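1. Just to be clear, the model below is a prediction. Sequence and coordinates:
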Amino acid sequence: MNAPAPVCTTCVKANLEHLAGDALHGRKCGSEDEHAAASYLVSQLKRSGIRGAFERGGYLQPVQLLRRRFAVPPTVELSSGGRTVKLAEGDDMVVSDMPATLEAPLTRLAAGGPLADVPGKVVIYDFAPGAAPPAAVLRAGAAAVIVRAGGVALRRWDELLQRAPGGTEVVAGPPHEAPTGGATIVLKPEVFASLADIGDGAAKLTAAQGEPEARTTYNVIGVIHGRERDADRHAILLSAHYDHLGVRNGVIFHGADDDASGTAAVLEFARILGSGPRPRRTVYFGLFGCEEEGELGSEYFQSHPPEPTSDFAANLEFEMIAVDDPKNPGALMLTGWERSNLGPALKAHGALIEPDPYPQQRFFQRSDNYQLALSGVVAQAVTAWPLTPTYHSPTDDLAHVDLAFMDRVIASFVPPIQWLVNSDFQPQWNPGGRP
């Protein structure tokens, strides 16, 4: 195998600056700005000599979406002991999976309390760490669960308000598990505290549904077909998502780290592999849309791949690699490290990669790789600092990324990726590791 090609630092910087610059306005899911980003990615793959993966060399995979919307902001009315409290979405609460109307008995449940009495009721749940999660209350048959917002929800309050109340449907996507059937109502802490004297009573929820909003996102998929006879049956997918949060209250959420950085890395791997000899295995370069609204692009790709997912040997998703983690300095981490033999093999060939130091955060399930993992592919995400203070913030911009760190970790992955796409190594799930 030839010596690894050097990383083009000016290429990485140019791609990062274009994607996270003001002109693309944060690349919001399904927006014209996201579409413009997709066109740019196609042009970059073409420049690197990477063919489109679809029929007649097409690069774009359109994904049709239907986003549910409320006709008017939902309200909740709670009555107990002669007192009535009215709550409105936005100032007081954020709701999801809320029916058009619901009238049901109201009760309060302490953390660790019995779930036998919750079926059919709206439950004010005094959740505490270590107790059954709110979803367990819904699975027990509650019509709705009311909980206090934690720190993450408070930081992302405006983002949660903009999410579709019942999620966004991927048209012709894979079948989903049956929903829990109940509404989740998240209250600001001071609002939740004001309900301390509310016990058994009655609840009324009103949330008229409006017409769904139709949108389109695009997956951008390129391919190098390998030189071996069975190259397509051992394909490697290198991927990232290129969308972000768009503009909110006149402020651009640039998404430089999340995930223009991962996208720039995949484009650099495409440039390097496209300029060298054809690898033994087939290599796909997947740049997914609408990850920020629930891995929607990769969800569709998983059920509509250019070749059967059973032929993919591995997927590496590059997600947020531009800010060094003080808990794991100088290196990246692989989510779900213990689940497969892939991480140790990459590290043995020079990748600056370590186990995930945040297993309690379940990052393995929180990026596009998870969609492929559900279909059996050894699919894991490569990331730097998933808990960076700039996460989903206007400060996730070009001024807050570390280009030198980015170049160094991308360069460390070139030899192991070149080894992977030219080897007989078989990525495998460890016992019990497949989701």
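-> Thanks, I have it.
2. What's the local residue count around Ile252?
-> By other CB atoms under 10 Å, the residues close to Ile252 number 21. (Glycine included, C-beta is placed from N, CA and C.)
3. Check it and give its pLDDT.
-> Predicted confidence (pLDDT) for Ile252: 98.
4. give me phi/psi at it?
-> In this entry, Ile252 is assigned phi and psi values of phi -80, psi 130 (degrees, to the nearest 10).
5. Looks like it contacts Ser393 (just checking).
-> No - using CB atoms under 8 Å, Ile252 is not in contact with Ser393; the gap is 11.5 Å.
6. residues touching Ser194, list them.
-> Residues in contact with Ser194, defined by CB atoms under 8 Å, 6 or more residues apart in numbering, are Val85.
7. Distance check, it against Ala142.
-> 21 Å (CB to CB, to the nearest Å).
8. Then Ala231?
-> For Ala231, the distance to Ala142 - CB to CB - is 52 Å.
9. Next, the residues that contact stretch 9-23 from outside, please.
-> Here stretch 9-23 has contacts from 24, 27, 36-37, 40, 44, 242, 252, 254-256, 260-261, 263-265, 267-268, 271, 322, 397-398, 401, 403, 406-407, 410, using CB under 8 Å, 6+ apart.
10. For that stretch, the averaged confidence score.
-> For stretch 9-23, the mean per-residue pLDDT is 98.
11. Check stretch 139-155 too.
-> On average, stretch 139-155 scores 90.
12. Over to stretch 419-427?
-> Rounded mean pLDDT across stretch 419-427 is 97.
13. Just the buried positions in that stretch, please.
-> For stretch 419-427, burial by neighbour count (16 or more other CB atoms under 10 Å) applies to 419-423, 425, 427.
14. Equivalent analysis for stretch 76-88, please.
-> The neighbour-count check on stretch 76-88 (16+ other CB under 10 Å) flags 76, 78, 80, 85, 87 as buried.
15. The one helix or strand the fourth one maps to pairs with which strands, and in what direction?
-> Think Val85. Using DSSP states H and E, Val85 sits in strand 83-88. Sheet pairing for strand 83-88, assigned by DSSP bridges, gives strand 75-80 (antiparallel).
16. what's the neighbour count on Phe192?
-> When neighbours are counted by other CB under 10 Å, Phe192 comes out with 20.
17. related to what we said a few turns ago, so which of the buried residues of stretch 419-427 sit within helices?
-> 419-421 (DSSP state H).
18. How about residues contacting the worst-scoring helix or strand of the chain on mean pLDDT?
-> Using mean pLDDT, DSSP states H and E, the weakest-scoring helix or strand in the chain turns out to be helix 157-162, at a mean of 79. Helix 157-162 has contacts (CB under 8 Å, 6+ apart) with 89-90, 94, 149, 153, 186, 188, 245, 248-249, 392.
19. Closest one of those residues to Gly58?
-> Taking CB to CB as the measure, Gly58 lies nearest Leu245 of those, at 28.0 Å.
20. right, and the closest one touches Gly255 too?
-> Yes - at 6.5 Å, Leu245 counts as touching Gly255 under the criterion of CB under 8 Å.
21. Check whether Ala381 sits in a helix, strand or coil.
-> Secondary structure, DSSP: H, G, I helix; E, B strand; the rest coil: Ala381 is strand.
22. That one - how many residues pack around it?
-> With neighbours defined by other CB under 10 Å, the count for Ala381 comes to 29.
23. Now do the residue most central in space within the chain against Gly120, distance only.
-> Nearest to the geometric centre of the chain sits Ser367, at 3.8 Å (CA atoms, centre = their mean). For Ser367, the distance to Gly120 (CB to CB) stands at 37 Å.
24. if we can go back for a sec, next secondary structure element downstream of the strand holding Val85?
-> Counting by DSSP H and E, the next helix or strand C-terminal to strand 83-88 is strand 93-96.
25. who does that following strand touch, helix- and strand-wise?
-> On a contact count with 3 or more CB pairs under 8 Å, 6 or more residues apart in numbering; DSSP states H and E, strand 93-96 meets helix 157-162, strand 183-187.
26. May I see the ones you listed arranged in a markdown table, with mean neighbour count as well?
-> What follows is the helices and strands packed on strand 93-96, written out as a markdown table (neighbours: other CB atoms under 10 Å):
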| stretch | mean neighbour count |
| --- | --- |
| helix 157-162 | 14 |
| strand 183-187 | 23 |
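27. Ok, which of the ones you listed comes nearest His349?
-> Of all these, helix 157-162 sits nearest to His349, with 38.2 Å by CB to CB.
28. Could you say which helix or strand holds Pro105?
-> Secondary structure (DSSP H and E) places Pro105 in strand 101-110.
29. What is that strand packed up against?
-> Applying 3+ CB pairs under 8 Å, 6+ apart, one finds that strand 101-110 makes contact with strand 75-80, strand 122-126, strand 201-206.
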